[in-house]
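**Student:** Sequence first, then the predicted structure, then my questions.
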Amino acid sequence: MNRIELNQNKWAILIVFWIVLGYVFSIDFSQNVGCISYITPDLEIYRASFALISFSLIGSTFFVHSKHYRIGIFAIEFILYLTILFILKGGYMVGFGGAPDEAVYLYDWIAVTLRFYNLSLFISNRQTPKVKWLLIALPIILSLALMQIKAKFLAMPIYFLNL
């Protein structure tokens, strides 16, 4: 196992920890809209299934040593997370004035940043100072841009738009 693969494993463990943290504190799949908090038994099944799928995909990368398969698995998990974030997740139009819930926003921003950074580790095998700076700055900037799109244009889950 080379140094880059070990570094990716450390970040994958951090992502798994972040998934568990979000699940424990119920901010991974928030359905809050306005002044209403939606908690249904179905929601717990969805939360558990999404967390288990993400956990399984990321966990499977520890047993795969092919760079291309690892990229594919991380990309599939990232696409799954973005789909949940943009289409199914609430918590971005709550309380007075319809502002995003700070805990949900911060959790999602860190989750997207961790996933972007983990994927960016595949880009470069050489760690020159210029590349290191880009590997740190680019995921942060891209994740902030995605979170602004979510907060401004897709604040409510997609199924609320049909009401």
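**Tutor:** Right, received. Where do you want to start? Numbers count the residues shown, from 1 in each chain.
**Student:** the helices in the protein, which residues?
**Tutor:** Counting by DSSP state H, residue ranges of the helices within the chain are 3-24, 41-60, 67-83, 102-120, 129-153.
**Student:** Just say which of those is most tucked in.
**Tutor:** Ranked by mean neighbour count, the helices of the chain are led by helix 102-120 with a mean of 19 (mean count of other CB atoms under 10 Å). Bear in mind the C-beta positions are built from the backbone N, C-alpha and C, glycine included.
**Student:** tell me the angle it makes with helix 41-60.
**Tutor:** Between helix 102-120 and helix 41-60, the angle comes out at 30 degrees (axes from the mean of the first three to the mean of the last three CA atoms, to 10 degrees).
**Student:** List the contacts of helix 102-120.
**Tutor:** Contacts to helix 102-120, defined as CB atoms under 8 Å, 6 or more residues apart in numbering, come from residues 8, 11-12, 14-15, 18-19, 21-22, 25, 27-28, 30, 32, 71, 74-75, 77-78, 81-82, 85, 89, 91-92, 135-136, 138-140, 142-144, 146-147, 150-151.
**Student:** before we move on, the earlier item: would you reformat the helices of the chain as JSON lines and include distance to F96?
**Tutor:** Below are those laid out as JSON lines (distance: least, CB to CB, whole Å):
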{"stretch": "helix 3-24", "distance to F96": "25"}
{"stretch": "helix 41-60", "distance to F96": "24"}
{"stretch": "helix 67-83", "distance to F96": "29"}
{"stretch": "helix 102-120", "distance to F96": "14"}
{"stretch": "helix 129-153", "distance to F96": "16"}
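**Student:** Include mean pLDDT when you put those into TSV, please.
**Tutor:** Shown next, in TSV, are the helices of the chain (pLDDT from 0 to 100):
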stretch	mean pLDDT
helix 3-24	85
helix 41-60	86
helix 67-83	92
helix 102-120	90
helix 129-153	85
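**Student:** D28 touches S49, doesn't it?
**Tutor:** No - counting by CB atoms under 8 Å, D28 does not reach S49; the two are 11.6 Å apart.
**Student:** which residues touch I73?
**Tutor:** Contact analysis of I73 by CB under 8 Å, 6+ apart lists L57, I58, S60, T61, V64.
**Student:** do that again at 6 Å, thanks
**Tutor:** I73 is in contact with L57, S60, T61, counting by CB atoms under 6 Å, 6 or more residues apart in numbering.
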